[in-house]
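> Sequence and computational prediction follow.
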Amino acid sequence: MTETPRTERPRPSDIRRWRQYLADERAEAAVYRYLAARRDGEEREILNGLVEAERRHEQHWLDLLGPDAHKPTRVALRTRIMGFLARHFGSVFVLALMQRTESRSPYADDADATDAMAADEKIHEEVVRGLAARGRSRLSGTFRAAVFGANDGLVSNLALVLGMSATGVGTHVVLASGIAGLLAGALSMAAGEFVSVRSQRELLHSTTPNPQTRHLLPDLDVDANELALLYRARGMSPEVAQEHADEMLRGEDCRHVGIATGSVRVQRDEHEAIGSAGGAALSSFLFFASGAVVAVIPYLFGMGGIGAAVLAAVLVGIALLCTGAIVGVLSGASPFKRALRQLAIGYGAAAVTYLLGLAFGATIG
């Protein structure tokens with residue numbers, strides 16, 4: 001569908017809006033181009049396809065602006081930040097931010113943008129969502145351990161430190177309690193993660209087929225054997241199980257046997273995806289400790305009283321805002337809302353223990 005060319009001079013407000021659109025399209029194309037340069041194969045092709053789409057949109061605004069297109073317009077701050085991240089990191093964080101950018105395209109409500117452009121932006125959102133989902137799945141385990149471990153350390157140790165401080169005990173007691181809480185919590189997290197991963201690996205090991213069993217196939221009775229039952233136990237239908245059993249006994253196909261190397265390879269991949277129990281325990285210890293230490297920083301530097309408690313709360317609050325924003329970015333949600341939610345939950349828990357500390361201190365006083 002061709003557009004009717006404009007005969008009247010566009011209004012200054014239209015020119016400013018079109019220039020902003022043009023600048024943003026160019027910046028978004030640059031982000032996708034930087035991301036594509038850091039990838040290969042299918043993902044690079046997909047990102048380059050998005051670059052071409054942004055160039056089509058860019059051309060639309062160039063055509064409308066005509067001679068007014070050559071006056072530069074500053075790119076929106078958000079888009080400039082994403083460009084910087086794409087150039088230096090090229091991570092799933094950038095894709096998650098681009099997903100939100102595509103979802104908030106104004107083209108659907110702008111008469112100067114075509115219906116095709118508005119539809120393109122919706123499709124772009126889904127494309128970027130799919131690419132971001134790949135990255136999220138690759139880092140989900142590590143990210144979960146890092147964010148939740150650090151968040152647990154931040155909240156639990158702040159609550160402990162504020163609760164002890166509210167009772168009126170000395171600064172050295174608060175510091176000792178904070179360090180004890182750090183070590184106790186980190187060791188508890190490490191022990192729990194070790195047991196969890198080790199148990200999961202042992203469970204997988206117990207269900208891993210024995211590769212030595214396949215050497216017994218030549219000794220099976222062709223007319224009376226349980227090979228089909230093995231396949232049925234592995235989830236095949238009776239007909240398919242019998243077909244594969246016949247193929248195996250004829251020596252035609254060994255790829256589908258549940259006791260062959262293919263299944264062993266799948267089990268090995270699952271073991272690798274889980275990771276080692278020791279590594280998981282160490283990472284949980286470090287993540288929790290990195291969060292818990294924030295609450296005791298003022299006391300480590302000799303501060304005490306209400307000043308130390310306030311500073312600890314401020315430092316932990318900043319860290320909670322950061323972890324909440326990271327969760328928001330990676331989940332494709334609003335980083336601001338997730339950051340505030342994280343802060344409210346952490347401060348809520350700390351406030352409860354502080355009030356309990358005040359009550360307990362008044363009782364023993």
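On my side now, so go ahead. Residues are numbered from 1 along each chain as shown.
> what are the ranges of the strands in the stretch 251-365 of the chain?
With strands called from DSSP state E, counting those that start in this stretch, the stretch 251-365 of the chain shows none.
> which residues in it form helices?
For the stretch 251-365 of the chain, the helices defined by DSSP state H, counting those that start in this stretch occupy 261-274, 277-300, 305-331, 335-364.
> Among the ones you listed, show me which one is buried the most.
Comparing these by mean neighbour count (mean count of other Cβ atoms under 10 Å), helix 277-300 comes out on top with a mean of 21. Heads up, the C-betas are built off the backbone N, CA and C, glycines and all.
> Check which helices and strands that helix sits against.
Packing partners of helix 277-300 (3 or more Cβ pairs under 8 Å, 6 or more residues apart in numbering; DSSP states H and E): helix 115-166, helix 171-207, helix 305-331.
> quick one: low-confidence parts of the chain?
Counting by pLDDT under 70, the chain has low-confidence residues at 1-8, 71-92, 135-145, 202-227, 230, 234, 248-275, 329-333, 362-365.
> hang on, the earlier thing: which one, of the helices of the stretch 251-365 of the chain, ends up nearest to residue 94?
Proximity to residue 94 (Cβ to Cβ) singles out helix 305-331 among the helices of the stretch 251-365 of the chain, at 9.3 Å.
> hang on, the earlier thing: put together CSV for the helices and strands packed on helix 277-300, with distance to residue 288 on each row.
CSV is the format used below for the helices and strands packed on helix 277-300 (distance: least, Cβ to Cβ, whole Å):
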stretch, distance to residue 288
helix 115-166, 4
helix 171-207, 4
helix 305-331, 13
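> right, so of the helices of the stretch 251-365 of the chain, which gets closest to residue 200?
The nearest among these, by Cβ to Cβ, is helix 261-274 at 5.6 Å.
> circling back to that earlier point, out of the helices and strands packed on helix 277-300, which gets nearest to residue 340?
Nearest to residue 340 among the helices and strands packed on helix 277-300 is helix 305-331; the distance by Cβ to Cβ comes to 7.1 Å.
> chain center to the closest one: distance?
19 Å (Cα atoms, centre = their mean, to the nearest Å).
> Which one, of the helices of the stretch 251-365 of the chain, ends up nearest to residue 184?
For these, proximity to residue 184 was assessed by Cβ to Cβ; helix 277-300 is nearest, at 9.5 Å.
> So for residue 357, which of the helices and strands packed on helix 277-300 sits nearest?
helix 115-166 (3.0 Å).
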